[in-house]
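Asks: Sharing a model that was predicted from the sequence below.
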There are 2 protein chains.
Amino acid sequence: MPDFDASALIRRLDSIAALGEAEKQALVALPMQVAELKSNRDIVRQGSRPSASFLMLKGLACSFKVTGEGKRQILAFHIPGDMPDLQSLHLTVLDCSIGTITPCTIGFVQHQALQDFCDRFPRIARAFWRQTLIDAATYREWIVNTGRRPAYERMAHLLCEAVVRLRAVGLADGDGCDLPITQSEFGDALGLSTVHVNRVLQELRGAGLIVFKGSALSVLDWDGLRAAGDFDPAYLHFEQGAEAP
Amino acid sequence: MPDFDASALIRRLDSIAALGEAEKQALVALPMQVAELKSNRDIVRQGSRPSASFLMLKGLACSFKVTGEGKRQILAFHIPGDMPDLQSLHLTVLDCSIGTITPCTIGFVQHQALQDFCDRFPRIARAFWRQTLIDAATYREWIVNTGRRPAYERMAHLLCEAVVRLRAVGLADGDGCDLPITQSEFGDALGLSTVHVNRVLQELRGAGLIVFKGSALSVLDWDGLRAAGDFDPAYLHFEQGAEAP
DNA sequence: CGTTTGGTTGAAATGTGTCAAACTTTGTGG
DNA sequence: CCACAAAGTTTGACACATTTCAACCAAACG
């Protein structure tokens, strides 16, 4: 019996609200149904009423909506340790879809089990709540980004966020990370056309801020990128300075 | 002793998760410090660590951030019954500011009191949580709106949302409402210039969808406006069909 | 009644989108 | 391992939505 990794979840929650031993052990014992998914598959669909939430164990996924005119807007990227539809625990009908970008390993946990859990361990309930509040703070920053920053800064900001978040879960070394996001997906996340994403990425390379080859992103000039993107990680609400480069 | 209106809050929470009599009475007894504020004043500031959250009793307010280049982005409008910084209960540092648009009456409730409350009445804790999740869903829709809809539809969408939300708290009759938002504020909310807001509003009037005189908005053609804005109120997560026109 | 705030207009500048094609990389099956 | 298909990236020319600038007008206000 493979010990399916609640460790990502534990690390995440522990960084949000210090957990006791009993709570950690209960988390490990959470009944989780693990699934492997190919890339570009829907995990949950807008309008559905899931009876479980899921935990990202491996891979990259995103939340998105499609407008009446068929344009897709990506709302968030989900990395290992995230619980992208934790909200469905209290909001029965999903208001957006969530799909894989790369092949993913995810673990489903029944709402019933989560609910019992929250009742038994109020501290974990609070940590879950806090996590959804951080998600909301990130949405707020995305509104600022798409509403008020031009394409070049917008892209820089998104790259900063990606690196910082990946670093927090140990998926980025000091200056770079694997970021398998296509230019078309960047466009859908930033409200830009694919063509313009391409040009803006070239500008960022030309300015000596990044190298982006295949899916390998290297940040050459972190301060420069942060300045270009007007990036301040406060909205991610990390505990004291855990995000320093 | 004026009975400062917890009724707005009770109605809101009751619509979110049916409350018992004990819970309602405890809500009425919540110690609340009421304040009157002039228009265009900050209520709480980004970076601060408030020890209380506040309830909108009267007036219109908004959450906003300012970018490094001095552009303001409005993130949400707050109407009576809202608790705009409920989040600060679990996220100590505020990541955006909240300010009045019109003169406002607001009621501060100490975090300690709210916390005790949540511990004593788990159902209310869940209702609060649910409310913050609905806020998050609204942010998601705003990302879609600014990211993927052109100015005309974007404006139509915002107007639809405003009318529907105001109607839900009894501040709009069938076809219209008082909406004291300047064109410059619309611009900051939609990521548009004031000038363009002006032109788009003229288009909406020209199309016979709305009349907007002073701060009095009348929707002449609700179906037309909804279609123009690609508006589906599902993301507001009202209970069954309470939002029908 | 003057002053401020908010609304309206026009002309020109510009950032970003669209279209269409070529190129490169990745993945797959023979 | 090659050949091919599919997916992703890059380029150029052009169209267009939106911004900027600047001025004027109307309404609200002290």
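Replies: Received the coordinates, thanks.

Asks: what is the mean pLDDT for the longest helix seen in chain A?
Replies: When secondary structure is assigned using DSSP state H, the longest helix within chain A turns out to be helix A:122-148. For helix A:122-148, mean pLDDT is 96.

Asks: Would you mark the buried spots in that helix?
Replies: Within helix A:122-148, the residues that count as buried by 16 or more other CB atoms under 10 Å in any protein chain shown are A:124-148. Every residue, glycine included, has its C-beta placed from N, CA and C.

Asks: Domain boundaries for chain A, per the record?
Replies: A:7-140, A:149-236 (automatic domain parsing).

Asks: Let me have those in CSV, adding distance to B:Ser193 as columns.
Replies: As requested, the domains of chain A are arranged in CSV below (distance: least, CB to CB, whole Å):
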stretch, distance to B:Ser193
domain A:7-140, 22
domain A:149-236, 13
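
Asks: mind checking which of the ones you listed is nearest DNA strand D?
Replies: domain A:149-236 (3.4 Å; CB to the nearest atom of the strand).

Asks: Check the offset of the closest one from the chain's centre.
Replies: 14 Å (CA atoms, centre = their mean, to the nearest Å).

Asks: Also stretch A:73-85?
Replies: 4 Å.

Asks: pLDDT on it, on average?
Replies: 97.

Asks: Show me what the helix or strand just after the longest helix of chain A is packed against.
Replies: As assigned by DSSP states H and E, the chain's next helix or strand after helix A:122-148 is helix A:151-168. Here helix A:151-168 touches helix A:122-148, strand A:176-178, helix A:183-190, helix A:194-206, strand A:216-219, helix A:222-228, going by 3 or more CB pairs under 8 Å, 6 or more residues apart in numbering or on different chains; DSSP states H and E.

Asks: who in chain A is up against DNA strand D?
Replies: Residues of chain A lying close to DNA strand D by CB under 7 Å from any atom of the strand are A:182-184, A:194-195, A:198-199, A:201-202.

Asks: hmm, back to that, ok, which of the helices and strands packed on helix A:151-168 comes nearest chain B?
Replies: helix A:122-148 (3.1 Å; CB to the nearest CB).

Asks: Would you mind listing where chain A has pLDDT under the threshold?
Replies: A:1-6, A:240-245 (pLDDT under 70).

Asks: any idea how far the most centrally placed residue in it lies from B:Glu69?
Replies: Taking CA atoms, centre = their mean, the centroid of chain A lies closest to A:His78, which sits 2.9 Å from it. According to CB to CB, to the nearest Å, A:His78 stands 30 Å off from B:Glu69.

Asks: can you check A:Leu19 too?
Replies: 41 Å.

Asks: Comparing those two, which shows the higher neighbour count?
Replies: A:Leu19 (19 against 10; other CB atoms under 10 Å in any protein chain shown).

Asks: Tell me the secondary structure of the more buried one, please.
Replies: coil (DSSP: H, G, I helix; E, B strand; the rest coil).

Asks: what residues are up against it?
Replies: Listed by CB atoms under 8 Å, 6 or more residues apart in numbering or on different chains, the contact set of A:Leu19 reads A:10, A:13, A:27, A:123-124, A:127.

Asks: how about a cut-off of 10 Å?
Replies: Applying CB atoms under 10 Å, 6 or more residues apart in numbering or on different chains to A:Leu19 gives the contacts A:10, A:13, A:25-27, A:121, A:123-124, A:127.

Asks: swap in A:Arg126?
Replies: Contacts of A:Arg126 (CB under 10 Å, 6+ apart): A:13, A:16-17, A:118, B:89-90, B:115, B:118, B:125, B:129.

Asks: Any of the residues you listed buried? List them.
Replies: A:13, A:16-17, A:118, B:89-90, B:118, B:125, B:129.

Asks: Close to DNA strand C: what parts of chain A are there?
Replies: A:150-152, A:191-193, A:195-196, A:214.

Asks: what about 10 Å?
Replies: Contact residues (CB under 10 Å from any atom of the strand) of chain A with DNA strand C: A:38-39, A:69, A:71, A:102-103, A:149-155, A:180, A:187, A:190-200, A:203, A:213-216.

Asks: Which of these are buried? Put it as a PyMOL command.
Replies: Buried residues within the residues of chain A next to DNA strand C, by 16+ other CB under 10 Å, are selected in PyMOL with:
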select buried, chain A and resi 71+102+149+151+152+153+154+155+187+190+191+192+196+197+200
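
Asks: residues touching A:Gly147, list them.
Replies: Counting by CB under 10 Å, 6+ apart, A:Gly147 has contacts A:154, A:191, B:65, B:67, B:71-75, B:142-143, B:145-147, B:187-192.

Asks: at 6 Å instead, please
Replies: Contacts for A:Gly147 (CB atoms under 6 Å, 6 or more residues apart in numbering or on different chains) come out as B:73, B:146, B:191.

Asks: out of those residues, who's near chain A?
Replies: Near chain A, judged by CB under 6 Å from any CB of the partner chain, the entries from the contacts of A:Gly147 are B:73, B:146, B:191.

Asks: Quick check: the closest residue to the last one other than its chain neighbours vs B:Arg226, distance?
Replies: With CB to CB, 6 or more residues apart in numbering or on different chains as the measure, A:Gly147 is the residue that lies nearest to B:Gly191, at 3.1 Å, once sequence neighbours are left out. Here A:Gly147 is placed at a distance of 23 Å from B:Arg226 (CB to CB).

Asks: Send over stretch A:162-181 as CSV, restricted to the C-alpha atoms.
Replies: Extracted in CSV, the C-alpha atoms of stretch A:162-181 (Å, rounded to 0.1, in the frame of the first residue of the first chain):
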residue,chain,number,x,y,z
ALA,A,162,4.9,31.5,-10.1
VAL,A,163,8.5,31.3,-9.0
VAL,A,164,7.7,32.4,-5.4
ARG,A,165,4.9,29.9,-5.1
LEU,A,166,6.9,27.1,-6.5
ARG,A,167,9.8,27.9,-4.3
ALA,A,168,7.5,27.7,-1.3
VAL,A,169,6.8,24.1,-2.0
GLY,A,170,10.3,23.2,-2.9
LEU,A,171,9.8,23.0,-6.7
ALA,A,172,12.2,25.8,-7.6
ASP,A,173,15.8,26.2,-6.8
GLY,A,174,17.2,29.7,-6.2
ASP,A,175,16.9,31.1,-9.7
GLY,A,176,14.7,28.9,-11.8
CYS,A,177,12.0,26.4,-12.1
ASP,A,178,10.1,24.1,-14.5
LEU,A,179,7.1,26.0,-15.7
PRO,A,180,5.3,24.0,-18.4
ILE,A,181,2.8,26.7,-19.4
